[in-house]
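Asker: everything below, folded, please.
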Amino acid sequence: MKLKIEQFYDKQLSHASYAVLSNGEIALIDPGRNPRPYYDFAQAHNARIVAVIETHPHADFVSSHLEIAETTGATIYVSELVGATYPHETFDDSDIVTIGKSFLRAINTPGHSPDSICILLSNEDGVDVALFTGDTLFIGDVGRPDLRENAGNITATRTQLAQQMYRSTRERIMTLPQHITILPAHGAGSLCGKNLSDKLSSTLKEQLETNYALQNMTEEEFVNHLLADQPFIPKYFGYNVDVNKRGATQFEPAIAKVPHLHTHTVLPPDALIIDIRPQSDFKNAHLKGAINIQEEGKFETWLGAIVSPNERFYLVGATMQALETAVRRAAKIGYEPFIAGTMIYQPTANGTRAEQPDLTDFTQNPHNYTIIDIRNPNEYQANLLFQNSINLPLYELRERAAEIPQNKPIMVHCAGGYRSAAGSSIIASIVHDSQPVYDLSEAVKGFNAAHN
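Answerer: Take a look at the predicted model:
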């Protein structure tokens with residue numbers, strides 16, 4: 001059977017995983033939490049999954065490597081440096097795994113993490129075909145070096161890891177044959193880098209020509225460039241590293257344990273409630289104190305940025321289907337054990353309605369409002385939309401909302417409306433009931449256009 005590489009792409013997490021098929025055998029690389037797509041692929045090709053390879057313990061999603069190994073009998077391969085506590089075989093420099101008539105060779109490439117590896121695929125003729133780069137080399141970028149200062153078996157400072165990334169790219173990757181295909185674990189939208197392309201593959205030759213991180217520069221210049229302007233680190237990242245280091249529980253049994261509550265269940269007064277409905281429905285009526293993280297959007301990222309690991313919360317939605325989808329999405333970052341229950345929302349007399357802004361008044365008198373800009377700091381600094389606004393990024397808002405002055409009506413905005421739905425609901429859940437909190441929502445686009 002001809003060598004085949006299949007890419008599986010999760011747009012919601014910007015995560016790419018891979019199946020390498022050769023002569024009836026399959027190796028999986030960096031699989032996501034739900035193993036079903038990989039089983040379906042194996043069945044469709046009448047092949048066996050014999051190996052699962054982890055390029056490193058991922059921070060931004062939970063892998064199904066342990067479940068797949070337990071289900072199929074496949075061997076897990078991972079660097080010895082991971083200190084994995086699940087059954088595995090170590091896979092480090094020059095170690096080779098044979099898949100059918102093809103070969104996978106480990107290359108240690110610390111930088112994104114101390115235990116990162118890349119995997120070089122050679123066909124039956126011994127010709128190098130592709131490099132699975134994990135979070136070491138992306139299309140247009142390299143992996144951020146600041147996620148392992150407090151997580152994992154081995155920790156290292158961001159500066160140390162940036163220095164290691166310089167050496168890994170120059171000595172271990174850039175010396176490989178330029179014709180090989182580069183297949184990374186993430187694309188644009190991932191928080192594991194800062195300049196990722198929306199392309200999901202490239203050649204090493206193209207990356208040598210176009211990737212800023214592979215250009216001629218000193219180690220000091222590289223480190224300074226790499227450390228600058230990295231995106232924020234969601235609360236769940238360190239937790240996911242630890243989950244992946246020990247191996248996650250099985251996916252379907254885990255989500256089946258999440259209880260579904262009766263529609264009229266009275267939740268505890270201090271309950272953390274995540275309402276997943278569209279913002280228009282939420283603003284029309286919602287449970288008092290609920291936070292609106294819409295399921296349509298980057299739900300996993302913002303759930304894991306706003307809610308801390310081990311913090312119990314309830315999911316509220318319009319339909320069972322929407323709730324089931326949200327639970328499955330929460331499970332992709334390992335949050336299903338923290339869901340105290342799911343519940344369909346039915347408007348009642350006790351429902352709370354969000355304040356609607358008077359956009360004419362705000363446009364004419366912005367100084368009469370306390371304006372809270374919940375964009376990320378780099379967005380705020382690059383494009384200040386309102387003078388005297390206060391920048392409180394959404395991922396810090398629950399912890400810092402008490403800093404907001406309450407002597408004026410509060411207007412919340414982001415860049416397009418999705419984040420401000422969550423931000424305004426967080427602020428409204430914290431400030432005094434009599435304090436009006438408004439969401440500028442999608443109307444911010446008009447101010448953005450006017451500013452530019």
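
Asker: now the phi/psi pair for residue 78, please.
Answerer: For residue 78, the backbone dihedrals (degrees, to the nearest 10) come out as phi -160, psi 150.

Asker: give the bridge partners for it, please.
Answerer: Per DSSP bridges, the residues bridged to residue 78 are residue 90.

Asker: ok, it - contacts?
Answerer: Residue 78 makes contacts with 53, 54, 65, 84, 88, 90, 91, as judged by CB atoms under 8 Å, 6 or more residues apart in numbering. C-beta: built from backbone N, CA, C; applies to glycine.

Asker: closest one to residue 192 out of the residues you listed, please.
Answerer: Taking CB to CB as the measure, residue 192 lies nearest residue 54 of the contacts of residue 78, at 14.7 Å.

Asker: still on that earlier bit, which among the contacts of residue 78 count as buried?
Answerer: The neighbour count (16 or more other CB atoms under 10 Å) marks 53, 54, 65, 84, 88, 91 as buried among these.

Asker: right, and out of the contacts of residue 78, which lies closest to residue 127?
Answerer: Of these, the one sitting nearest to residue 127 (CB to CB) turns out to be residue 53, at 20.1 Å.

Asker: ok, now which ones touch that closest one?
Answerer: Residue 53 is in contact with 27, 28, 29, 30, 76, 77, 78, 91, 97, 104, 119, 132, counting by CB under 8 Å, 6+ apart.

Asker: make JSON lines out of those and add secondary structure.
Answerer: Shown next, in JSON lines, are these (DSSP: H, G, I helix; E, B strand; the rest coil):
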{"residue": "27", "secondary structure": "strand"}
{"residue": "28", "secondary structure": "strand"}
{"residue": "29", "secondary structure": "strand"}
{"residue": "30", "secondary structure": "coil"}
{"residue": "76", "secondary structure": "strand"}
{"residue": "77", "secondary structure": "strand"}
{"residue": "78", "secondary structure": "strand"}
{"residue": "91", "secondary structure": "coil"}
{"residue": "97", "secondary structure": "strand"}
{"residue": "104", "secondary structure": "strand"}
{"residue": "119", "secondary structure": "strand"}
{"residue": "132", "secondary structure": "strand"}
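
Asker: between those, which is nearest residue 379?
Answerer: Taking CB to CB as the measure, residue 379 lies nearest residue 30 of these, at 29.2 Å.

Asker: list the contacts of the closest one.
Answerer: 15, 16, 17, 18, 53, 54, 55, 58, 63, 132, 134, 185.

Asker: so is residue 422 in a helix, a strand, or just coil?
Answerer: Of the three states, residue 422 takes helix according to three-state DSSP.

Asker: right, and residue 45 touches residue 21 too?
Answerer: Yes - here residue 45 lies in contact with residue 21, judged by CB atoms under 8 Å, at a distance of 5.8 Å.

Asker: who's more crowded, these two?
Answerer: Taking other CB atoms under 10 Å, residue 45 and residue 21 do not tie; residue 21 has more neighbours (22 against 15).

Asker: quick one, grab the pLDDT at the more buried one.
Answerer: With respect to pLDDT, residue 21 scores 98.

Asker: spatially, which residue comes closest to it, not counting chain neighbours?
Answerer: Closest residue to residue 21 apart from its sequence neighbours, by CB to CB, 6 or more residues apart in numbering: residue 4 at 4.3 Å.

Asker: about what we covered before: could you list which of the contacts of residue 78 belong to helices?
Answerer: Using DSSP state H, the members of those that fall in helices are residue 65.

Asker: ok, so of the contacts of residue 78, who is nearest residue 40?
Answerer: residue 65 (17.5 Å).

Asker: relative to residue 35, how far out is that closest one?
Answerer: 9 Å (CB to CB, to the nearest Å).

Asker: how about residue 409?
Answerer: Separation of residue 409 from residue 35 (CB to CB): 50 Å.

Asker: same deal with residue 176?
Answerer: 31 Å.

Asker: the more surrounded of the two?
Answerer: Set residue 176 next to residue 35 and count neighbours by other CB under 10 Å: residue 35 wins out with 22 against 15.
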